[in-house]
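Chemist: Sequence and computational prediction follow.
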Amino acid sequence: MREVMDKLYIVMPAYNEAETIGNTINDWYPVIEKYSANGESRLLVIDDGSKDNTYHILCEMTKHFPLLRAITKKNEGHGATLLYGYHYAIQQGADYIFQTDSDGQTNPEEFHVFWNKRHSYDMVIGYRNKRQDGLARILVTKILRLVISICFGVWVKDANTPFRLMKVSTLKEEMQLIPEKFNLTNVLIAVIYEKKKKKILYLPITFRPRQGGTNSIHMKKICSIGLDAIKDFAVINKSLREVIQKNEY
């Protein structure tokens, strides 16, 4: 009788990452090979309408990496691309979804501890303990934590970290609360889990400098996204309270 194994989908958005995507795939592919679930797991990279040859590189790499799946779509931003990837992985029957980014800042060697904790938690999320991505980004994370606390009344250690392992049976229920094409998808998932008291474990991770390419998120864009998010948070929090109250009765 064949052993039933947990099917893992690593979801990785990519936008104009031609300079880094090859090395990032080489780094992460051994992880999906190790937890291949008899060849059913996938490293899923979603090209978000890149203007460079990111998608071409991905297509060439799929010829040599059978567990790599490359998809391209029109440019909609990081949050919408994550939602696209999560929905796709769920439709393909994934048991667990792990999300990381394609810029080489995360360390694949730290994944294994997360995987070993998967059955005990709805989400195992990394908090960036050793950050090397600049003081501006660290400040944004601290401000975001404060805004979340004020808007939602919950404390999230690192809401937007691109290093999280999620149990699909929980995720597919909570994703219904996330507006389509929402900019801060990962932030809202973390907030919903905290608000609804899901089982969450925070583990420290290292966070390296971007390994190449150009960062598409600059301070002006961060401020713009932040202001929009505060407006959205107020509406979402009202809906979230109503859902929680309904479930309590």
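Modeler: Received it, and whenever you're ready, just let me know what you need.
Chemist: now the helices for the protein?
Modeler: For the chain, the helices defined by DSSP state H occupy 21-34, 54-62, 78-91, 111-116, 135-152, 168-174, 185-195, 219-248.
Chemist: Nearest residue to the middle of the chain?
Modeler: The chain has Q99 as the residue nearest its centroid, 3.6 Å off, counting by CA atoms, centre = their mean.
Chemist: show me the residues around that residue that make contact.
Modeler: By CB atoms under 8 Å, 6 or more residues apart in numbering, the residues touching Q99 are 10-12, 82, 85-86, 162-164, 166, 186. To be clear about C-beta, it is placed using only N, CA and C from the backbone, and glycine gets the same treatment.
Chemist: Any figure for the gap between the closest residue to F207 other than its chain neighbours and H78?
Modeler: Nearest in space to F207, with sequence neighbours left out and distances taken as CB to CB, 6 or more residues apart in numbering, is R128 at 4.2 Å. To H78, R128 is 17 Å away according to CB to CB, to the nearest Å.
Chemist: Can you tell me which of the helices of the chain is most buried?
Modeler: The densest packing among the helices of the chain, expressed as mean neighbour count by mean count of other CB atoms under 10 Å, is seen in helix 185-195 with a mean of 23.
Chemist: who does that helix touch, helix- and strand-wise?
Modeler: helix 78-91, strand 123-131, helix 135-152, strand 163-167, helix 168-174, strand 200-207, helix 219-248 (3 or more CB pairs under 8 Å, 6 or more residues apart in numbering; DSSP states H and E).
Chemist: Measure how far it is from the centre of its chain, please.
Modeler: Offset of helix 185-195 from its chain centre (CA atoms, centre = their mean, to the nearest Å): 11 Å.
Chemist: So what touches that helix?
Modeler: Counting by CB under 8 Å, 6+ apart, the neighbours of helix 185-195 from elsewhere in the structure are 78-80, 82-83, 86, 99, 122-123, 125, 144, 148, 152-156, 159-162, 164, 166, 170-171, 174-175, 177-178, 182, 198, 200, 229, 236, 240, 244.
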